[in-house]
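Participant: Pasting the sequence and the predicted model now:
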Amino acid sequence: NVAKTLAAQYEQEAQKLNKHATLSADAGRAFYTKKVLVGGKDLSCSSCHTDDPTKVGQHAETKKAIDPMAISANPDRFSDVKKVEKAFSKHCKDLYKKDCSAQDKGDFLTYLLSVK
């Protein structure tokens, strides 16, 4: 499972900065729903992907349908490492104006892996 492998890699990266770092589904959920002000709007991952990552989301601007984020509902979502990294890079910069940390990415994947 690529998502589990990636989460483990992110955990190892996070441990280079903090040897006690561990991944947390709760922290991942908090990251997924964390609102930030972007262009005058409070947005989060869940703004487009819904609070329930097993459901189809909708792009905030284009209204285009977005496949579910949860691996249980969409096993192919995190199956290509390059696509995952590209998506993290784009969306983290769009929302947070910076790259997300290895801890953030690992927590996020841990949360999405935990959702049934």
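Facilitator: Looks like it arrived, so ask away. Model, not experiment: these values are computed from the prediction. Numbers count the residues shown, from 1 in each chain.
Participant: give me the element the residue nearest to the spatial centre of the chain is part of.
Facilitator: Taking C-alpha atoms, centre = their mean, the centroid of the chain lies closest to Phe108, which sits 4.4 Å from it. Assessed by DSSP states H and E, Phe108 sits inside helix 102-114.
Participant: So for that helix, mean pLDDT?
Facilitator: Helix 102-114 shows a mean pLDDT of 97 in the predicted model.
Participant: Stretch 43-58 too?
Facilitator: Per-residue confidence for stretch 43-58 averages out to 95 on the pLDDT scale.
Participant: helix or strand for the residue nearest to Ala102 when sequence neighbours are not counted, which one?
Facilitator: The spatially closest residue to Ala102, leaving aside those adjacent along the chain, is Glu13, at 3.5 Å (C-beta to C-beta, 6 or more residues apart in numbering). Backbone N, C-alpha and C define where each C-beta goes, glycine included. Following DSSP H and E, one finds Glu13 within helix 2-17.
Participant: quick revisit: could you list the buried residues of the helix holding Phe108?
Facilitator: Ala102, Gln103, Asp104, Lys105, Gly106, Asp107, Phe108, Leu109, Thr110, Tyr111, Leu112, Leu113 (16 or more other C-beta atoms under 10 Å).
Participant: as a whole number, average confidence for the helix holding Glu13?
Facilitator: Within the predicted structure, the mean pLDDT of helix 2-17 is 96.
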